[in-house]
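Peer 1: pasting a predicted model and its sequence here:
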Amino acid sequence: MVLTTLNDREFRSGLAEAVKHGLIADAGHLEWIEASAAQLAERDLGAVTALIRRSIAIKADIVARDEREAGPRELLNAGHTVGHALEHAGGYQLLHGEAVAIGLVAECRIGEALGVTPGGTADRVEALLRALGLPVRTPAGVEVSRSDLLAAMGRDKKNRGGKLRMALPSEVGRGASVDVPANAVRALDL
């Protein structure tokens, strides 16, 4: 299996996207990932195969319903507004999945602060990502200023009419695209 050729950091990085799939589209899948975190972190072939199959099915379903990214497909960008900005502003020291993991936690916290995401979701996602060996805060040595982060977010493809937009979980297994005020980003502890 090709996944056995990846180093641990690259392998773990890919797990962030699967967590995102459960968070925005399938609560049962997220629960399964939580229950299977140890096997996934150990690269158990059966668990990894099941994870990949379900994640592909979730993404394929969303893309099939919205081929032009005009609606539900925006949800696949959960964790990516902050994640892409961290990648760019941090000089690409983080792997994509590491940045998305940090972004998922940050965007859940933003959603909670805005009243879009149920309280406790960010802590739940953070605990799962930690169990999978992923970062949940910007690691030491990766310096990102708030102004650089906001500037990078300002260039995000989901933004509309000059407003920052994020795909936030509205409950575990569902999400919504929401306009986010810049002060919600400034308040983050990344």
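Peer 2: Ah, there it is. Numbers count the residues shown, from 1 in each chain.
Peer 1: is the nearest residue to Gln93 once chain neighbours are set aside part of a helix or strand, or is it coil?
Peer 2: Closest residue to Gln93 apart from its sequence neighbours, by CB to CB, 6 or more residues apart in numbering: Val142 at 4.9 Å. The C-beta positions use only the backbone N, C-alpha and C, and glycine is treated the same way. The local conformation at Val142, judged by DSSP: H, G, I helix; E, B strand; the rest coil, is coil.
Peer 1: Val142 reaches Gly90, doesn't it?
Peer 2: Yes. If you go by CB atoms under 8 Å, Val142 and Gly90 touch, sitting 4.6 Å apart.
Peer 1: tell me which other helices or strands the strand or helix carrying Ile58 touches.
Peer 2: In this assignment (DSSP states H and E), Ile58 forms part of helix 45-65. If you count contacts as 3 or more CB pairs under 8 Å, 6 or more residues apart in numbering; DSSP states H and E, helix 45-65 packs onto helix 8-25, helix 27-35, helix 37-41.
Peer 1: repeat that for 6 Å
Peer 2: helix 8-25 (3 or more CB pairs under 6 Å, 6 or more residues apart in numbering; DSSP states H and E).
Peer 1: next, the angle from the helix it packs on to helix 27-35.
Peer 2: Counting by axes from the mean of the first three to the mean of the last three CA atoms, to 10 degrees, helix 8-25 points 150 degrees away from the direction of helix 27-35.
Peer 1: ok, and for helix 8-25, which residues are buried?
Peer 2: Residues 11-25 are the ones in helix 8-25 that count as buried (16 or more other CB atoms under 10 Å).
Peer 1: show me where pLDDT drops low in this protein?
Peer 2: By pLDDT under 70, the weakly predicted segments of the chain are 1, 159.
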